[in-house]
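Asker: generate a structure from the sequence data that follows.
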Amino acid sequence: MRKWLPLTAVCLGAFMLLVDVTIVTVALPDMSADMHTGFAGLQWVMDVYALALAALLLGAGSLADRIGRRRVYLIGLGLFAAASLACGLATGPAELIAFRAVQGVGGAAMFATTMALLSASYQGRDRGVAFGVWGAVNGAAAAAGPIIGGLLTENFGWRWIFFINLPVSALAVYVTVRAVAESRDPHAGRLDLPGMATFTAGAAAVTYAVIRVGENGWGSPTTLGLLGLGVAAFAAFVLVELRSARPMLDLSLFRSRTFVAVMAAGLLLSGAAFSYLMYVSLWLQSAEGMSPVGAGLVLLPLSAAGFVVAAVAGRLLHGVPPRLTIGGGLLLIGVGALLQAWMLDAGDGWTALVPGLLVTGVGVGAATPALAATAMGAVAPARAGMAGGALNTARQLGTALGIAVLGAVFHAGLRSGLGDGGRGLAEPLASGGAGQVLAEAPAGAAREALTGLVDAAFASGLRETFLVSAAMGLAGALAVFLLLRGGAPAAAAPLPRPRTESTGAHGPAGAQAVRN
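Answerer: Next comes the predicted model:
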């Protein structure tokens, strides 16, 4: 059993950091009530973690190549644990958001090294077993997040969704120190700090601009200025990467139509399938009166279906062209969102969502395993680690931008559903305060009328959110069907400016599904 201790250490960290992407979802109404935070604050609690992961994954992998993967993994565990404690002790939304960002930094350090540590620890058949278990743990994390979050929030309070990370981190550190050997890339070069800085600035500015749209509007100077800043930062990132001898992301990878299709699919899959869940959770708990555990169980069909389908997709869909598995999966994600938009009406309960969530989960399970495998096949072997890191970055960035975009759509839909006379209620409803709004209304006909208005507002906001999610999923499917041709892609021809890359700062086994 001792030989599986490195796998245990890696899986503990991976499970914890991936659970924290979704565990917060069902705790948002309690956070809002406790900290008196608004809708934008709740978005940032979710978004800043995914944004930090997206911005730092590639850079963390390069740092691990240079100074040691075990060392970076341990640093990430320590930082994640300290930030989790600070999140649990936070007294206001600004503190919570700041420490969630630090959590994301620690999570990026862990996420960027997990596959490399497994690759260094196992060979032959054991390596295949290790990556199979690691992939299953990733899928289980997605399914378990809302349930664990609901149980902790309901029984101990929302702060325990962060405190629970402390014993898990301590165990992971202990096993890592005892059982995991150090590894590094002897040919690793300098960190691409300008690339990291410009990419982070661009992603943060665009995300912040979209989150503020609910208050400022699309045409406000603040929104336009932030969007302009984001575009300028991304343009600077492109220039930096083109001029760098050892770029964080070699932009020549995008000469491959297959690679472009995979990046677009990863970005849009996460945005379409997962970003609306926080708004569904707010509706279930604040307007429908469900408990955190109940809300977590409602969301389970999506993640459970994705886990089951992904587990069997490798065998059943072996040999099927990725154009069909990825494109078909995104098509199902779009159809699932359309089903939810079509079936949900004012006065409907959670059961209206279940068919759409199941279809979406099937789409996620079908597309996810093929995404990473196709990314690996689209590039030369020396770029496999970079391609895997780029795909993970695209998926986390898709989550961050999706939460921001769908938040603006959800808020606008609420206002539209409330009409001119009730638009002042949009902010308290979006912040999870529907129960308080209804409780303060006088009993009788007035409260019944207000209840109907709240139901109509949430139905309006969620329908528009689902429609935009569907558009993202269908756009991703269209991109895949147009850009991917024929069967499984062959490795790309050697690219200019070759460099030696480790087999695993971002992993040799990009074929393993990396799920949200």
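Asker: now Arg395: which helix or strand?
Answerer: helix 384-422 (DSSP states H and E).
Asker: list the buried residues of that helix.
Answerer: Using 16 or more other C-beta atoms under 10 Å as the burial criterion, the residues of helix 384-422 that qualify are 384-415, 417-418, 422. Yep, even glycine has a C-beta here, placed from its N, CA and C like the rest.
Asker: packing partners for the worst-scoring helix or strand of the chain on mean pLDDT?
Answerer: Per-element confidence for the chain was summarised using mean pLDDT, DSSP states H and E. The lowest value among helices and strands belongs to helix 213-216, with a mean of 72. Where contact means 3 or more C-beta pairs under 8 Å, 6 or more residues apart in numbering; DSSP states H and E, helix 213-216 is packed against helix 39-67, helix 221-243, helix 384-422.
Asker: could you measure from the closest residue to Gly202 other than its chain neighbours over to Gly473?
Answerer: The shortest distance from Gly202 to any residue that is not its chain neighbour, by C-beta to C-beta, 6 or more residues apart in numbering, is 3.5 Å, and that residue is Ala233. Counting by C-beta to C-beta, to the nearest Å, the gap from Ala233 to Gly473 is 28 Å.
Asker: for these two, indicate the residue with more neighbours.
Answerer: More neighbours sit around Gly473 than around the other of Ala233 and Gly473, counting by other C-beta atoms under 10 Å; the figures are 29 against 19.
Asker: between the host helix or strand of the more buried one and helix 384-422, how many degrees?
Answerer: In this structure, Gly473 sits in helix 445-483 according to DSSP H and E. For the pair helix 445-483 and helix 384-422, the angle between their directions (axes from the mean of the first three to the mean of the last three C-alpha atoms, to 10 degrees) equals 150 degrees.
Asker: now do helix 445-483: distance to the chain's middle.
Answerer: In this view, helix 445-483 has its centroid 20 Å away from the chain centroid, taken as C-alpha atoms, centre = their mean, to the nearest Å.
Asker: likewise for stretch 325-344?
Answerer: Between the centre of stretch 325-344 and the centre of its host chain there is 18 Å, according to C-alpha atoms, centre = their mean.
Asker: now it: buried residues?
Answerer: 325-341, 343-344.
Asker: in helices, which of these fall?
Answerer: Among the buried residues of stretch 325-344, the subset assigned to helices under DSSP state H consists of 325-341, 343.
Asker: hmm, back to that, distance from the helix holding Arg395 to the middle of the chain?
Answerer: Here helix 384-422 is found 10 Å from its chain centre; the criterion is C-alpha atoms, centre = their mean.
Asker: now for whatever helix or strand comes next after it, which elements pack on it?
Answerer: Elements were assigned by DSSP H and E; along the chain past helix 384-422, the next helix or strand is helix 426-430. Contacts defined by 3+ C-beta pairs under 8 Å, 6+ apart place helix 426-430 against helix 384-422, helix 434-439, helix 445-483.
Asker: helix or strand for Ala172, which one?
Answerer: Here Ala172, judged by DSSP H and E, is contained in helix 165-179.
Asker: with just CA atoms, put that helix into CSV.
Answerer: Taking only C-alpha atoms (Å, rounded to 0.1, in the frame of the first residue of the first chain), the coordinates of helix 165-179 have been written out as CSV:
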residue,chain,number,x,y,z
ASN,A,165,-9.9,22.4,4.4
LEU,A,166,-7.5,22.7,7.3
PRO,A,167,-7.4,19.0,8.4
VAL,A,168,-7.4,17.9,4.8
SER,A,169,-4.5,20.2,4.0
ALA,A,170,-2.6,19.0,7.1
LEU,A,171,-3.0,15.3,6.0
ALA,A,172,-2.0,16.1,2.5
VAL,A,173,1.2,17.9,3.7
TYR,A,174,2.1,15.0,6.0
VAL,A,175,1.7,12.4,3.3
THR,A,176,3.5,14.5,0.7
VAL,A,177,6.5,15.0,2.9
ARG,A,178,6.7,11.3,3.8
ALA,A,179,6.0,9.7,0.4
